[in-house]
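Trainee: What shape does this take:
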Amino acid sequence: MLKSVTAKLEMLRKTDEFSSVFSFRKRFSTNFFVAHYKPNQHVQTRIGFVVAKKVAKLAVDRNYMRRVLRELCRQEQHLLMSVDVVIQVKKPFKNNNFLIIKQELIGLFASIQKKTAPEQTLHA
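Mentor: Next up is the predicted model:
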C-alpha cells in the first residue's frame with residue numbers, strides 16, 4: 001500500500017516569531033484572510049494562524065478555523081519556500097465555504113512565492 005508522503009507543517013509558536021513577521025510589514029489580502037509574510041533563513045516554510053475573538057466569539061469556532069487552515073496549509077505547503085507566514089482570519093467561515101477558502105489560500109501562497117522568489121535569489 002502506497003502512502004502519499006507530505007512533510008509535517010512547521011508552525012510559528014513564539015510571540016517573537018509572530019512579531020518579526022508582523023513588523024516586516026509585507027502582506028496580501030483576500031475576502032477571508034490577510035497573509036503577512038517574511039523571508040526566513042530556514043529551508044522550510046513556517047506558518048502561524050491568528051483567529052481573533054472579534055471574528056468568532058466561541059473557542060470552538062476559532063479552533064475549527066485554525067484546524068481547517070492547518071490542514072490546507074499542510075497540503076499546499078509545497079507552493080512556498082523559505083518564508084514565514086502568518087494567516088489572519090478576517091471573517092468567519094464554515095465547511096460550506098471550503099472550496100473558496102482553499103482557492104484563496106492557494107492564491108495567497110502563489111502571490112507570496114512570486115514576491116519572495118526574486119528576493120531569495122538576491123540573498124543566495
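
Trainee: CA only for contacts and neighbour counts going forward, please
Mentor: Fine.

Trainee: give me every residue that touches the closest residue in space to residue 27 that isn't next to it in sequence.
Mentor: When the adjacent residues along the chain are set aside, residue 27 lies closest to residue 36, with 4.2 Å between them (C-alpha to C-alpha, 6 or more residues apart in numbering). Contact analysis of residue 36 by C-alpha atoms under 8 Å, 6 or more residues apart in numbering lists 21-22, 25-28, 85-88.

Trainee: which of these are buried?
Mentor: 21-22, 27, 85-88 (16 or more other C-alpha atoms under 10 Å).

Trainee: from these, which single one is nearest residue 46?
Mentor: Comparing the buried ones among the contacts of residue 36 against residue 46 with C-alpha to C-alpha places residue 85 closest, at 6.3 Å.

Trainee: tell me the mean pLDDT over the helix or strand harbouring that closest one?
Mentor: Residue 85 belongs to strand 83-89 when assigned by DSSP states H and E. Strand 83-89 shows a mean pLDDT of 97.

Trainee: quick one, the next helix or strand along the chain from that strand and strand 83-89 angle?
Mentor: For strand 83-89, the following helix or strand on the C-terminal side (DSSP H and E) is helix 98-123. On the basis of axes from the mean of the first three to the mean of the last three C-alpha atoms, to 10 degrees, helix 98-123 is oriented at 150 degrees to strand 83-89.
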